[in-house]
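S.K.: Compute the structure for the input listed below.
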Amino acid sequence: MISFIVPAYNEENLIARTLAALNEAAEEIGEAYEIVVADDASSDRTADLARASGARVVTVNRRQISATRNAGAREAAGDKLIFVDADTVVSTEVVRAAVEALKSGAVGGGSAVDFDGRLPRYAEVVHPVLVRTFRALGLACGCFVFCTRRAFDSVGGFDEELFASEEISMSRALKRLGRFIVLRESVTTSGRKLRMYSGKEVLRLFGGILLAGPNALKRRDGLEVWYGGRREDSDLAGSTDLSLSA
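M.R.: Alright, predicted model coming up:
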């Protein structure tokens, strides 16, 4: 069985779209599945909308993505775990490819990533470089990570010492266990963070992380892109018509 695990914090604007895409993809490939939404201290209608979409909601109060993903996984019943961010839309093709990879013996993997809507110029330049780099290094992007339950348990889940880059740590841990695949198929995630933060702000943030070293990822302070309060995005899906089957 597939367990889709969706970590969420105040995602009432996007979560219904995400869950509709998951339901559609799983039903099309004909696999038994469940959706577990790990609701991490949301103050909006995220949990209610998740239940209305057929998901089981696990309440978390950590404000840490690693811990939230792990909390969802602990409640999941499937032998195949697919972690999908609450602002990310999957296609049938990417879910099918992930399941087939696991059935063929892979311990886990990730996918290519596209962004919805209009992107600032700096993001248009950096995005393809990052996609190629992650593929060359064999690393999953955080919005879509999959693995077997056995592999997840073997590596101890996502590293809860980390407040960011936990998907890189997870990718490396899984690669030590066995075959790890970065799929050619893509998921589409929200470009809102790229629109809400200027290139100068992003450069300052990542420059600070590089200067501070690995310990900078072990505290929430300084990681505003992941944990900051900017939530509004009037350009949601921008001028792009993002269908659920895209």
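
S.K.: The longest strand along the chain pairs with which strands, parallel or anti?
M.R.: Scanning the chain for the longest strand, with DSSP state E as the assignment, gives strand 180-189. Paired with strand 180-189 in the same sheet, following DSSP bridges, are strand 88-89 (antiparallel), strand 108-115 (parallel).

S.K.: next SSE after it?
M.R.: helix 192-196 (DSSP states H and E).

S.K.: Now do the host helix or strand of Val99: which elements does it pack against?
M.R.: Here Val99 sits within helix 92-103, counting by DSSP H and E. When contacts are defined as 3 or more C-beta pairs under 8 Å, 6 or more residues apart in numbering; DSSP states H and E, helix 92-103 sits against helix 15-29, strand 80-84, strand 108-115, strand 144-148, strand 180-189. C-beta: built from backbone N, CA, C; applies to glycine.

S.K.: How about stretch 173-190, which residues are buried there?
M.R.: 173-175, 177, 180-183, 185-190 (16 or more other C-beta atoms under 10 Å).

S.K.: how far does the longest strand of the chain sit from the chain's center?
M.R.: Taking C-alpha atoms, centre = their mean, to the nearest Å, one finds the center of strand 180-189 at 11 Å from the center of the full chain.

S.K.: What angle do helix 15-29 and it make with each other?
M.R.: Put simply, strand 180-189 runs at 130 degrees to helix 15-29, going by axes from the mean of the first three to the mean of the last three C-alpha atoms, to 10 degrees.

S.K.: what mean pLDDT does strand 180-189 have?
M.R.: Strand 180-189 carries an average pLDDT of 96.
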